[in-house]
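# I'll drop the sequence and a predicted model, then ask my questions.
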Amino acid sequence: MSDWSVRRGIASSQLLCMLAGERGLSLVDVLRGTDISAAQLADPATEIEAAQELALIGNLVRGLGDPPGLGLAAGLRYHLTTMGIWGFVLASSATLRAALEAGLGHMDLTYSFSRIWIEQDADGAHLMLDVSAAPAPLRRFLVERDVAAIVTFNRELLSTRQTAQAIRFAFTKPDDLDPYRSALGRTPQFDAGCNALTIASALLDRPLPQANPQVRALCEMQCRSLLARRRTRAGFAGRVRDQLLRNPQQLPDMEQVATELCMTSRHLRRLLDEEGTSYRALVDEVRQALAEQLLRSPRMKLDEVAERLGYAERASFIQAFKRWTGVTPGGFRSSGGSSAGSSGEISAVTAHSPAQRGRTNIEVTTKNRPE
């Protein structure tokens, strides 16, 4: 993750400010230069940019002198319930493997500043964490926080304390290892050349006690909806959406949009690719958002909705809507218009194919290119 304009909730900043206060750092000091007010911090509905939380973390680390293990103390405060709808997706998954895949597929809903992926071999699944995009003085804190949070999540999912088979850190071994043993349940390897947490293969397919496929499907829809809402607020893709919304009944093609934005279609395609999306995906998002809005009107007939969105046939619209949301327009209406959340803009996160045999590499990059 390197686009610090991606938006996120305020819960993480609240936890960090609590940690700062407990260690003697004032709220004024920890919020300095972040453009986060005390009122915003207290409002659970507040959303901020990732860059603002990163500035807060910088204040925290500098203000407390960056002691080893500070990130662990922060990470242990993060629970599945802290993570909102993302946490519910993990908890309702069938197995730990399914939870990991779902979690990595919606990383823009977390508070991580790491790029995280899975490498699998005979020893188990290795969760790899790359924090190289973050400022160097904050990397130890950030990777400690992520690893401690992952350990906490896995403990809550599996209802057992020992979930990590091995933990490796790229940074230098500290003098005092007690905070690491206490927080992580084992002594990590340091100077390892990478940051990684290994989970034994036997744990990956263990059934989770709160598994519920219906709940998970609904939560994933809400995750996609929330991601889409946040992504519309920033980035080049937002400018393209604005162009599409000018006349949704006759959506312009990519060449027309590129001309409006004073660039070639090739350059447009490259910019959207850098933000993790495509022109086709944006067209689908706009059509879905408008479709959901129109379907919430009981007076609007299905044929009229299809026509307003530029579909020549109702059947084509029904097929497209089911592809976007997983339900038919009729199912969406019968559920009260809440199947895909209030925004109606769903954007799939890309899961890249493994580059090597035997390696699962689910890589998530930021779309502002989220939330």
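Right, received. Where do you want to start? Owing to the predicted nature of the structure, the values given are computational and were not obtained by experimental measurement.
# what's the lowest-mean-pLDDT helix or strand in the chain packed up against?
When the helices and strands of the chain are scored by mean pLDDT, DSSP states H and E, helix 236-245 comes last with a mean of 77. Under the contact definition 3 or more CB pairs under 8 Å, 6 or more residues apart in numbering; DSSP states H and E, helix 236-245 sits against helix 254-260, helix 265-274, helix 279-295. (Each C-beta comes from the backbone N, C-alpha and C, glycine too.)
# which stretch among those is buried most, on average?
Mean neighbours per residue, mean count of other CB atoms under 10 Å, is largest over these for helix 279-295, with a mean of 21.
# and the helix or strand just after it, C-alpha only, in CSV?
Next helix or strand after helix 279-295 toward the C-terminus (DSSP states H and E): helix 302-308. Written as CSV, here are the backbone C-alpha positions of helix 302-308 (Å, rounded to 0.1, in the frame of the first residue of the first chain):
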residue,chain,number,x,y,z
LEU,A,302,-38.0,-3.1,-14.4
ASP,A,303,-38.2,-2.3,-18.1
GLU,A,304,-37.9,1.4,-17.3
VAL,A,305,-34.8,0.9,-15.1
ALA,A,306,-33.1,-1.1,-17.9
GLU,A,307,-33.9,1.5,-20.4
ARG,A,308,-32.6,4.4,-18.3
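# and helix 302-308, what does it pack onto?
helix 279-295, helix 314-325, helix 329-334.
# reformat those as JSON lines; add distance to Arg23 and mean pLDDT.
As requested, the helices and strands packed on helix 302-308 are arranged in JSON lines below (distance: least, CB to CB, whole Å; pLDDT from 0 to 100):
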{"stretch": "helix 279-295", "distance to Arg23": "43", "mean pLDDT": "85"}
{"stretch": "helix 314-325", "distance to Arg23": "46", "mean pLDDT": "89"}
{"stretch": "helix 329-334", "distance to Arg23": "49", "mean pLDDT": "86"}
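# want to throw those helices into a markdown table with distance to Gln250?
Formatted as a markdown table, the helices and strands packed on helix 302-308 follow (distance: least, CB to CB, whole Å):
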| stretch | distance to Gln250 |
| --- | --- |
| helix 279-295 | 12 |
| helix 314-325 | 16 |
| helix 329-334 | 21 |
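# mind checking which of those is nearest Ser159?
Nearest to Ser159 among these is helix 314-325; the distance by CB to CB comes to 33.2 Å.
# now the angle between helix 279-295 and that closest one, please.
110 degrees (axes from the mean of the first three to the mean of the last three CA atoms, to 10 degrees).
# who wins for proximity to Ala102 among the helices and strands packed on helix 236-245?
Closest among these, using CB to CB: helix 279-295, at 19.9 Å.
# circling back to that earlier point, in the least confident helix or strand of the chain, what's buried?
236-237, 240-241, 243-244 (16 or more other CB atoms under 10 Å).
# per-residue confidence at the closest residue to Lys173 other than its chain neighbours?
In space, and not counting its chain neighbours, Lys173 is closest to Phe190: 3.6 Å by CB to CB, 6 or more residues apart in numbering. Here, the pLDDT recorded for Phe190 equals 98.
# and for Phe190, the neighbour number?
By other CB atoms under 10 Å, the residues close to Phe190 number 16.
# where's it relative to Arg140, distance?
11 Å (CB to CB, to the nearest Å).
# same check, this time on Asp43
From Asp43 to Arg140 the distance is 31 Å (CB to CB).
# flag the shaky bits of the stretch 51-200 of the chain, pLDDT-wise.
Applying pLDDT under 70 to the stretch 51-200 of the chain flags no residue at all.
# now the strands for it?
Taking DSSP state E, counting those that start in this stretch, the strands of the stretch 51-200 of the chain run over residues 115-121, 124-130, 166-168, 195-199.
# quick one: the least confident helix or strand of the chain to helix 265-274, angle?
Going by the same axes, to 10 degrees, helix 236-245 makes 120 degrees with helix 265-274.
# please name the nearest non-neighbouring residue to Asn154.
Thr163 (3.9 Å).
# check Phe141 too.
Closest to Phe141 by CB to CB, 6+ apart is Gly71, at 4.0 Å.
# wait, the one you found sits on Ala148?
Yes - look at Gly71 against Ala148 with CB atoms under 8 Å: they come within range, at 6.9 Å.
# for the two, indicate the residue with more neighbours.
Between Gly71 and Ala148, Gly71 has the larger neighbour count (other CB under 10 Å), namely 27 against 24.
# just to revisit the earlier point, between Asp43 and Arg140, which one's more packed in?
Arg140 (22 against 12).
# so how far is Cys194 from the more buried one?
14 Å.
# next one: Glu22
Glu22 is 32 Å from Cys194, by CB to CB.
# these two: who's more crowded?
Cys194 (12 against 9).
# domains for this protein, by residue range?
7-204, 233-334 (automatic domain parsing).
# quick check: next helix or strand after the strand or helix carrying Val28?
Using DSSP H and E, Val28 sits within helix 27-31. Moving toward the C-terminus from helix 27-31, the next helix or strand (DSSP H and E) is helix 38-42.
# show me what that following helix is packed against.
helix 11-22, helix 27-31.
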